[in-house]
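> need coordinates for the following:
(chains A, B, C and D)
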There are 2 protein chains.
Amino acid sequence: MAGHSGAPGRSVTSRALGLLDAFDSATPRLSLSEIAERSGTPLATAHRLLGELAGWGALTRRADGRYEIGRKLWDLGLLAPVQMELRQVAAPFLQDLHNTIRDTVHLAVREGLQALYVERVSGRESVPMVSQVGSRLPLHATGVGKVLLAAAPTDVVERALRSLTRQTRHTLVDPGRMRRELAEVRRRRYARTSEEMSAGAASLAVPVQLERSNGPLVVAALGIVVPPHRRDLPRLVPVLEVAARGIGRELTRTRDFR
Amino acid sequence: MAGHSGAPGRSVTSRALGLLDAFDSATPRLSLSEIAERSGTPLATAHRLLGELAGWGALTRRADGRYEIGRKLWDLGLLAPVQMELRQVAAPFLQDLHNTIRDTVHLAVREGLQALYVERVSGRESVPMVSQVGSRLPLHATGVGKVLLAAAPTDVVERALRSLTRQTRHTLVDPGRMRRELAEVRRRRYARTSEEMSAGAASLAVPVQLERSNGPLVVAALGIVVPPHRRDLPRLVPVLEVAARGIGRELTRTRDFR
DNA sequence: CTCAGCTTTCCACTGGCCGGGAGGAGTGCA
DNA sequence: TGCACTCCTCCCGGCCAGTGGAAAGCTGAG
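Numbering: from 1, shown residues only, chains lettered A, B, ... in the order given. Now for the predicted structure:
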């Protein structure tokens, strides 16, 4: 009386992949039973599938029996376009920028209603830091986020305005004000925040544009994070712009060969 | 007369994962039929499985129909221990090092008989560069490789000595000489190369050690790449050592909490 | 128009997947 | 030392999800 019975319509493959969903940055190491529970898979099944994943190299089994993401997935991840096209081109520019201005520099793209941080160069001391390569933060409370939102299609903007979550007491949560703020960002071609995401941190960001025959396209945002009391931010805008244009130009060149 | 017949013993999961093996840094974008051929999977089967992989987010389908690695795999890859433990700890040190000495700095671990580059900070100009985050180079022809090999178990050393492939006319390919070279590396606690991997590039590397109750353990190598004519390399050794010890200390601290 | 090369869909057949449950290994407590 | 508990590994018969050859779309070139 064994046989098939598990949730119908779920393919083997989707189950196996579902197991990987159990891993996230908060819990990068999991035991068999944790994975089984998180993914709603019977223990025996999870055990078998995890064995296959580990055999291929998607996961590694540690000495204590827990599983973690394997080197093969790391390798494959490096081939993702986020990584390849953008990061590789941008890295030296972020580098230079960081050498010049000494503050934390980062590059983000829009993913839905969030800013996805794809590259970062940070000083050692610096300000309290929330972002990290791979992390996602709300568009409305970060410098890079505002830049990306200002360039996003109308429906994205509308959805974003409907979900202005408060992060600190300085976060802009009024749709009207945010709308004006975005117009301002488009006009000035840069965005600022001051303790809107986390206390003790201000930021400045500019768009990175790809030149196309039918006009420019914002593909990313380049930003810096600084202590909020610094009053010389406007002075840094041109520096950011130079780097952003450099990245944009390089991207336009390499993008052609496709 | 259709039904099952494909190579028996191959599980669905392993087939699906096998499709991912078709992707590598030389070919990060592939069409359905390319993937099917590379992986030896019948077209119809590949099509179905790729659909599932894309549905989950492991792959993305581009407008032109070709597949590429998806954002989900990128995310998961960032959770791999190579990335997490080592890279995160080491990044600021590499940063400082690069600010001080201006040359390309990188960090590698041993993977079998190869040096796997896990992190890199490079100048813009610099020397012709082969290594890149995620790339693998032979142990015997690179600075970091020699350091890692010098610390490797005997059987690894023996296997490596049996496969000293020539990369340039300066590559050490004589097992006897290499054996002496490794002894020297252990004694001096740093390694050098001069155009042994690629013409126009010399390197210098030191070990990164984890302190354990039963003695130190070499977990990585920290190296720089410079033009071969520079004669002040020995002067840089202490600088590298300071950074390497910093990384090692930090690793030892965080490793404790496991 | 035809043709070639690719992708997508169809569908009858069957062997690989399923998972409850037994047994093993490791750990904490008395 | 024995017992209770948790976590992992393995087994095995029933059956449905996966299989892949073939044929039908879909381009774009000539």
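> any regions of the stretch 151-258 of chain A where pLDDT drops low?
In the predicted model, the stretch 151-258 of chain A carries pLDDT under 70 at residues A:255-258.
> how about A:Ser203, phi and psi?
phi -150, psi 160 (degrees, to the nearest 10).
> which residue, other than its chain neighbours, is closest to it?
Distances taken as CB to CB, 6 or more residues apart in numbering or on different chains put A:Gly143 closest to A:Ser203, at 3.5 Å, once the chain neighbours are dropped. Every C-beta, even on glycine, is put in place using the N, C-alpha and C of the backbone.
> centre of the chain to stretch A:158-173, how far?
Distance of stretch A:158-173 from its chain centroid, counting by CA atoms, centre = their mean, to the nearest Å, is 18 Å.
> and what of stretch A:234-249?
Centre-to-centre, stretch A:234-249 and its host chain are 21 Å apart (CA atoms, centre = their mean).
> is that stretch anywhere near chain B?
No. Taking CB under 8 Å from any CB of the partner chain as the criterion, stretch A:234-249 and chain B are apart, separated by no less than 10.3 Å.
> next up, the contacts around A:Leu59.
Residues in contact with A:Leu59 (CB atoms under 8 Å, 6 or more residues apart in numbering or on different chains) are A:Leu20, A:Leu50, A:Leu53, A:Tyr67, A:Glu68, A:Ile69, A:Gly70, A:Leu73.
> let me see the contact set for the first one.
With contacts defined as CB under 8 Å, 6+ apart, A:Leu20 is in contact with A:Leu53, A:Ala58, A:Leu59, B:Leu76.
> just to revisit the earlier point, of all the contacts of A:Leu59, which two lie farthest apart?
A:Leu50 and A:Leu73 (13.7 Å; CB to CB).
> circling back to that earlier point, looking at the contacts of A:Leu59, which is nearest DNA strand D?
A:Leu50 (7.6 Å; CB to the nearest atom of the strand).
> what helix or strand is that closest one on?
helix A:43-56 (DSSP states H and E).
> quick one: that helix near DNA strand C?
Yes. Applying CB under 7 Å from any atom of the strand, one finds helix A:43-56 touching DNA strand C at A:Leu43, A:Ala44, A:Thr45, A:Arg48, A:Leu49.
> between A:Leu50 and A:Leu73, which one's more packed in?
Using other CB atoms under 10 Å in any protein chain shown, the more surrounded residue of A:Leu50 and A:Leu73 is A:Leu73, with 27 against 22.
> am I right that that one sits in a strand?
No. If the criterion is DSSP: H, G, I helix; E, B strand; the rest coil, then A:Leu73 is helix and not within a strand.
> isn't it right next to B:Leu73, touching?
Yes. A:Leu73 lies in contact with B:Leu73 (CB atoms under 8 Å); the separation is 6.3 Å.
> not counting sequence-adjacent ones, nearest residue to A:Val121?
Nearest non-adjacent residue to A:Val121, counting by CB to CB, 6+ apart: A:His98, 4.3 Å away.
> A:Glu111 too?
Leaving out its chain neighbours, the residue that sits closest to A:Glu111 by CB to CB, 6+ apart is A:Arg136, at 6.7 Å.
> now A:Leu217
Nearest residue to A:Leu217, sequence neighbours excluded (CB to CB, 6+ apart): A:Leu210, at 4.8 Å.
> that neighbour touches A:Gly248, doesn't it?
Yes. The pair A:Leu210 / A:Gly248 is scored as a contact, 6.1 Å apart, by CB under 8 Å.
> tell me which of those two has more neighbours.
Set A:Leu210 next to A:Gly248 and count neighbours by other CB under 10 Å: A:Gly248 wins out with 24 against 15.
> now the strands for chain A?
Residue ranges of the strands in chain A, as given by DSSP state E, are A:29-30, A:59-61, A:67-69, A:104-111, A:114-121, A:136-138, A:191-194, A:202-210, A:217-226.
> would you reformat those strands as TSV and include distance to DNA strand D?
Shown next, in TSV, are the strands of chain A (distance: least, CB to the nearest atom of the strand, whole Å):
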stretch	distance to DNA strand D
strand A:29-30	9
strand A:59-61	8
strand A:67-69	9
strand A:104-111	28
strand A:114-121	31
strand A:136-138	30
strand A:191-194	39
strand A:202-210	23
strand A:217-226	22
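> contact partners for A:Ala152?
Taking CB under 8 Å, 6+ apart, one finds A:Arg110, A:Leu139, A:Ala160 in contact with A:Ala152.
> make JSON lines from the residues of helix A:43-56 next to DNA strand C and add pLDDT, distance to B:Met178 and neighbour count to it.
Rendered in JSON lines, the data for the residues of helix A:43-56 next to DNA strand C read as follows (pLDDT from 0 to 100; distance: CB to CB, whole Å; neighbours: other CB atoms under 10 Å in any protein chain shown):
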{"residue": "A:Leu43", "pLDDT": "93", "distance to B:Met178": "50", "neighbour count": "12"}
{"residue": "A:Ala44", "pLDDT": "94", "distance to B:Met178": "50", "neighbour count": "9"}
{"residue": "A:Thr45", "pLDDT": "94", "distance to B:Met178": "49", "neighbour count": "16"}
{"residue": "A:Arg48", "pLDDT": "94", "distance to B:Met178": "45", "neighbour count": "14"}
{"residue": "A:Leu49", "pLDDT": "95", "distance to B:Met178": "44", "neighbour count": "24"}
